[in-house]
Every structure is written in C-alpha cells, then in structure tokens.
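> please find the sequence and the predicted model below.
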Amino acid sequence: MGLTDNYKLNLIQWYPGHIAKAEKNLKEQLSRVDVVFEVRDARIPLATHHPQIDEWVGNKARILVLNRLDMIPPQVRSLWIDYFQNRGEVPYCTNAQHGQGVVGVAKAAQAAGVELNQRRRDRGMLPRAVRAVVIGFPNVGKSALINRLLGKRVVESAARPGVTRQLRWVRISDQLELLDAPGVIPVKLGNQEAAVKLAICDDIGQASYDNQLVAAALIDLVNSLQEQAGELLPKSPLYARYELDPTPHTGEGYLHALAEYRHKGDVERTARHLLTDYRKGLLGTLPLELPPM
C-alpha cells in the first residue's frame, strides 16, 4: 500500500502564476549560465529533484547540493553520498543556515570556472567570471546558500516558500556571478507521494495542502521507515516526543488519539503542531527518504 493510497488522490495541487513566470524567466536566462547548482533537501533528496532539471542543465556543469544536512543522521548522509556517487554525481552536503560545507561548494564552482576559462583561452577569448545559477524547490535553502557564498545577507531568505520572486545577478567575487532564481515547482506533481513529502518538509506553498492529511501521512511515513530501517533513525521519535505509542494506530488514528491526549480533541491544532515539530527538528534527525537499495 503506497503512502497516499488512503488519502484523496491529487491531495496536493498548486501552480501559482508567479512560479510559471519564474520558470519562463529562468529558461531565458539559462543560456547565459555556465554552472547549475541544484539544491535539494537532504531529508527528501529524491522528492526535491525537479523533473525538468536535466533538460535545463543540458551539457553545463551541474553541482549537486544536499542542504539541511543537520536534519538527517550521519549514517544516512553517508548512504546518500554513496548512492549519488554510484550514479556518477558528487553531492556536496551543506547546512547553509550555519555555513557548513559551503566552502566545498564555492571551490567546485571555481574549478568549473577554471575549466570554462581554459576553453575560452583555447578559442582565443578573454577569461571572464563564471556564471552560476541556483535552482531548487522553494524553501530548500537556496537563499541561505547564496548568502553564505557571499558572506553577507543580500537575498531575502524566509521560511516561507516562494519569497524570492525576481531573477537577479549577484556578484560573489571576481571569479563568480550568481543568478538567484525563485523556487521552481513542476507544472504538476504527478507523483503525489513526492508531493506529500514536499508538504511535510514545507518545501511548497501552504495553500496547496490540508494539514491534517499531511500530518497523518508524516506519521505513516515515520512508522514505515522505523519498520524498514529503524537502526538508521532516532529511536521511536513520536513516542519520545509525545509519550504516545504510534504502533497500534494508522497515521490518521494516531493524529486523533494525540489530539485527545494533548489538545482537547483539536485535530487541526495537533496536525499543525506535529508538522512544526518535525520542521524544527524536534522529532530528532529524521529523514523521510532512504536511498533505494
């Protein structure tokens, strides 16, 4: 039984006009870019992979960044690094909020610049700054990464998906110019299982989902990951936080039981509380995806 079987189909839908416009602007700018930083959420590296990115990147250099590394256990991070390396990609793990891992990302961009300018010299052209773009879903930490690369805050970064609206070039150094692009969401997320994870992690706009359904899905997901690979996860995260055992319940059943136990039966408040706890890391370092074996 899939994660979304017991939820309404197409539970999560959106496509705000500004994202459609952002995508169009981004495509126009991409021809001027040499390097693409693809930022994903380390809790859900597969769900935060944009289906069009391969087509957008084409033959440009791509640097894969797994952000929020502080929100998953070290052994899960190692598994993801192996998974991507086996597929010929080098993932850079960052916690952009605190600047961890950002130096590695900057060096990767510089290396791409050296290569670019060697090619330009070979063709008798003058060297120039490498132009990079940061692409990813809303709220995966792109603005925090850009601020860290710059060493100062220029990009408004807010815990509200879709704050970055305009495209603008930011000069990082003599060697690097960065195009800050708004978060891009696929036109439609055919994969509802991925959509639910994006909603849980707050990587899409809030108007597009129902808190209770998404919180119930989070509980089901945590329970199934505990069964699958409990040794990789914090021990009984829901029980540890709420002192209520989730094992006898479905996600929906647990949400209602927890509402009775904690919030006088207020299911909506319980759902919001649970999602906020997860997003703030209060359930521990809890990934929602593990690399496919």
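That came through fine.

> just the helices in this protein please.
Counting by DSSP state H, the segments of the chain that form helices are 17-30, 53-57, 74-86, 102-122, 142-150, 192-200, 211-229, 237-242, 251-262, 267-279.

> check the offset of the third one from the chain's centre.
Taking the mean of its C-alpha atoms, helix 74-86 sits 16 Å from the chain's own mean (CA atoms, centre = their mean, to the nearest Å).

> repeat for stretch 52-62
Remark: stretch 52-62 is offset 18 Å from the chain centroid, using CA atoms, centre = their mean.

> okay, buried residues for it please.
Across stretch 52-62, burial judged by 16 or more other CB atoms under 10 Å covers 53, 56-57, 60-62. Backbone N, C-alpha and C define where each C-beta goes, glycine included.

> ok, stretch 259-266 next?
259, 262.

> check stretch 88-95 too.
For stretch 88-95, by 16+ other CB under 10 Å, it's 91-95.

> about what we covered before: in CSV: the buried residues of stretch 52-62, plus pLDDT.
Converted to CSV, those look like this (pLDDT from 0 to 100):
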residue, pLDDT
Ile53, 88
Trp56, 86
Val57, 89
Lys60, 90
Ala61, 90
Arg62, 93
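
> how close does Phe84 get to Pro291?
8 Å (CB to CB, to the nearest Å).

> contacting residues for the residue nearest to Glu89 when sequence neighbours are not counted?
Spatially, and ignoring its direct neighbours in sequence, Glu89 is nearest to Leu64 (5.2 Å; CB to CB, 6 or more residues apart in numbering). Contacts for Leu64 (CB atoms under 8 Å, 6 or more residues apart in numbering) come out as 38, 40, 84, 89-92.

> ok, so of the residues you listed, who is nearest Gln29?
Distances from Gln29 to the contacts of Leu64, taken as CB to CB, are shortest for Glu38 (15.5 Å).

> next, count neighbours for the closest one.
Residues lying near Glu38 (other CB atoms under 10 Å) number 24.
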